[in-house]
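Q: The sequence and its predicted three-dimensional model are supplied below.
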Amino acid sequence: MTTWFPDVIDLMMRDECSVRYKSDQLKNFYNCVSVLLSNQIKEFLRNGIAKWTNLFLPENSDFLPLFKVDLVLDDEGMQFLPRYEQLENSLVSVIDEVASRMQNVQTLQSWMASSFAQNSPPQFVNTQLSEELLNIHKQTVINTVKEKFKHVDEYLKMQFVDKFSYLIDGEAAQSVQKFLNDPEQTFATIEKEAQSFWKTCNEIRILDAIHTVSLFEIGCQDIKRGLCDRAKNFAGINLNKLVDEIRKTNQGICTAYNEIEDVCLKSAKTTEELMEQLSFVENARSIGSLQLTDKIKMTLKHFLVLTDTHLFTSEDVELINSAVTWPTRAAPIFDKHDEVID
């Protein structure tokens, strides 16, 4: 407007244009100028809209722009942002935005009147495009985007929904709970179950972070991170079960040895108490020690297996250290018991 409209005014106000017409003909002349401006501006707007719409025609598919959408995982599940409706509205709004331009071009009479009369209401050239024309262009864009978006939906379904929906729809949660409540499960089977979720997490990690399909660039970082977190959570539930079992085993080992220490160093007051003490210590030295040693070997093995996937607390490390060193600390206790008896 600031560049071409002053030139139009200057051209129409030249003497060679206006002196050709009598005063009663000037109105018709100015009306013709308004019609000419209207036609040219409308044609300009139509061309701008057509250039945008033509990008979505099949023969121009190589020139389509890429539109970025993100796959996300939220409380509503796996979905795209922006949503399809938002994307469609934004692309169609380009047509409305172009059509809304140059709607305030004053007629020549209005411009002249405003130059002399400050309060004169402005009159504008008709530059509004028909709704029918705009709807035709909009429908062209909508049809193409809807067809292209089918490929995006297929990608979401094939790469994520079909493979990993069980992580978020409650299936995995129920399965894990049922599995851990089964008394027949062992350390090996529970550890294997945890590893299966870690494997799932690794499968998710190697998927494309950005995938291009049709006219869409799909960002997958958010959904990958969300699904990995779900898989790691279920792996953690299984691991926590194993950690609890290790903790209970170590506590049991320490309790058993503490009892051995108490009995070994206890002073028997009667012959009956002495005989019970000797029997207990003898059993502790043979069968009891062997059983506890087997438990120590097993709990240490389990502990080492989990160190690759679980960060033990300092309390748990101190507890297992106490458990595995008990056999070494028990030897002097038995020797001291023998001295007391002798």
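A: Done, it's in.

Q: When you work out contacts or count neighbours from here on, use the C-alpha atoms and nothing else.
A: OK.

Q: mind checking which helix or strand of this protein has the lowest mean pLDDT?
A: Every helix and strand in the chain was compared by mean pLDDT, DSSP states H and E; the lowest is helix 15-18, with a mean of 52.

Q: helix or strand right after the helix or strand containing Lys146?
A: According to DSSP states H and E, Lys146 maps onto helix 131-156. Per DSSP H and E, the first helix or strand lying C-terminal to helix 131-156 is helix 162-164.

Q: hang on, isn't Ile95 packed against Leu134?
A: Yes - contact criterion CA atoms under 8 Å: Ile95 and Leu134 qualify, at 7.2 Å.

Q: which of these two has more neighbours?
A: Taking other CA atoms under 10 Å, Ile95 and Leu134 do not tie; Ile95 has more neighbours (22 against 17).

Q: got a list of what the more buried one touches?
A: When contacts are counted by CA atoms under 8 Å, 6 or more residues apart in numbering, Ile95 touches 49, 52, 134, 137-138.

Q: Run through the helices of this structure in chain order.
A: Ranges of helices within the chain are 4-12, 15-18, 23-54, 84-99, 108-116, 131-156, 162-164, 171-180, 187-205, 221-264, 271-283, 289-306, 314-324, 326-341, based on DSSP state H.

Q: Nearest residue to the one residue sitting closest to the centre of the chain in space, please, no chain neighbours.
A: In the chain, the centroid-proximal residue (CA atoms, centre = their mean) is Asp222; its distance is 2.5 Å. Excluding the flanking residues, the one nearest Asp222 by CA to CA, 6 or more residues apart in numbering is Val72, at 5.1 Å.

Q: what's the neighbour count on that neighbour?
A: Neighbours of Val72 (other CA under 10 Å): 22.

Q: likewise Thr186?
A: Thr186 sits with 12 neighbouring residues when counted by other CA under 10 Å.

Q: Just read off the phi/psi values of it.
A: Main-chain dihedrals, Thr186, degrees, to the nearest 10: phi -110, psi 180.

Q: what residues are up against it?
A: Contacts of Thr186 by CA under 8 Å, 6+ apart: none found.

Q: Use 37 as the first number for this chain going forward.
A: Sure thing, new numbering starts at 37, so read that last one as Thr222.

Q: how close does it get to Thr335?
A: Distance, Thr222 to Thr335, by CA to CA, to the nearest Å: 13 Å.

Q: Val341: neighbouring residues, count only.
A: Neighbourhood size, Val341 [other CA under 10 Å]: 12.

Q: Would you check how far apart it and Ile356 are?
A: According to CA to CA, Val341 and Ile356 sit 14 Å apart.
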